[in-house]
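> pasting the sequence and the predicted model now:
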Amino acid sequence: MLPCLDPASAYGMAVALPSKASFHTTSAIDAMLALLPTTPRVVRSDNGSEFEARFAQQLAQRGIARWYSYPKTPKMNAHAERFNRTVQGSFEDYHEELLLFTDLALFNQKLSDWIVFHNAQSPHHRLGQKPPLTYFFEHQPQCHRWWTLTGYRQRTERAVSFQYSAKA
């Protein structure tokens with residue numbers, strides 16, 4: 001599972017991948033970046049092998065900087081870790097049979113429906129019980145559907161947090 005999150009607005013995306021190979025991670029990042037109106041300047045990830053090789057080359061080709069978290073410090077990427085747990089607890093645990101045994105495409109289709117619900121209807125405590133898309137529309141100068149870090153402080157860099165979760 002590859003969840004991605006904007007820490008400022010709680011807008012999230014996720015996709016299940018067939019393996020941790022950087023080829024699959026690169027394909028996923030290409031698809032996710034195609035949904036954004038602009039290219040983020042920074043991607044933050046852990047030090048996993050799925051974020052090396054082709055993935056790193058693709059970011060470099062697009063001119064996207066990369067921030068790493070320190071090994072064994074999930075608190076450095078706490079927003080992504082929390083979104084990862086939300087995806088697991090609210091969706092993945094209920095559709096695990098599709099992911100592990102049968103149909104990855106069907107799993108991703110159902111996951112995309114859940115992501116739409118999460119972003120458009122699910123209230124978030126830190127956003128004043130509003131869903132992320134409502135937050136976007138209300139704070140347009142800061143968030144124009146970009147994955148930004150401008151929600152609570154003025155920053156010059158936009159970032160995306162990527163966190164890989166291997167379901168055992």
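That came through fine.
> where along this protein do the strands fall?
Per DSSP state E, the chain has strands spanning 2-5, 12-15, 42-45, 65-68, 159-162. These are given in chain order.
> redo those strands as JSON lines? Include distance to Pro74 and mean neighbour count.
Glycine gets a C-beta too; all of them are placed from N, C-alpha and C. Formatted as JSON lines, the entries for the strands of the chain read as follows, by distance: least, C-beta to C-beta, whole Å; neighbours: other C-beta atoms under 10 Å:
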{"stretch": "strand 2-5", "distance to Pro74": "13", "mean neighbour count": "24"}
{"stretch": "strand 12-15", "distance to Pro74": "17", "mean neighbour count": "23"}
{"stretch": "strand 42-45", "distance to Pro74": "12", "mean neighbour count": "22"}
{"stretch": "strand 65-68", "distance to Pro74": "13", "mean neighbour count": "14"}
{"stretch": "strand 159-162", "distance to Pro74": "12", "mean neighbour count": "25"}
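> what's near enough to touch Ala21?
For Ala21, the residues meeting the contact criterion (C-beta atoms under 8 Å, 6 or more residues apart in numbering) are Glu50.
> per-residue pLDDT, it?
Looking at Ala21, its pLDDT reads 91.
> do you know how far it is from Asn108?
Taking C-beta to C-beta, to the nearest Å as the measure, Ala21 and Asn108 are separated by 17 Å.
> got it, and Phe91?
Noted for Phe91: a distance of 11 Å to Asn108, by C-beta to C-beta.
> comparing those two, which shows the higher neighbour count?
Phe91 (20 against 17; other C-beta atoms under 10 Å).
> I'd say the more buried one and Asp113 touch.
No. Counting by C-beta atoms under 8 Å, Phe91 sits too far from Asp113 to count as a contact (9.4 Å).
> could you name every residue contacting both of the two?
By C-beta under 8 Å, 6+ apart, Phe91 and Asp113 have no common neighbours.
> excluding its backbone neighbours, what's nearest Gln58?
If the residues on either side of it in the chain are set aside, Gln58 comes closest to Thr26, at 5.0 Å by C-beta to C-beta, 6 or more residues apart in numbering.
> hmm, that neighbour is touching Ala56, no?
No. Proximity of Thr26 to Ala56 does not meet the contact threshold set by C-beta under 8 Å, at 9.1 Å.
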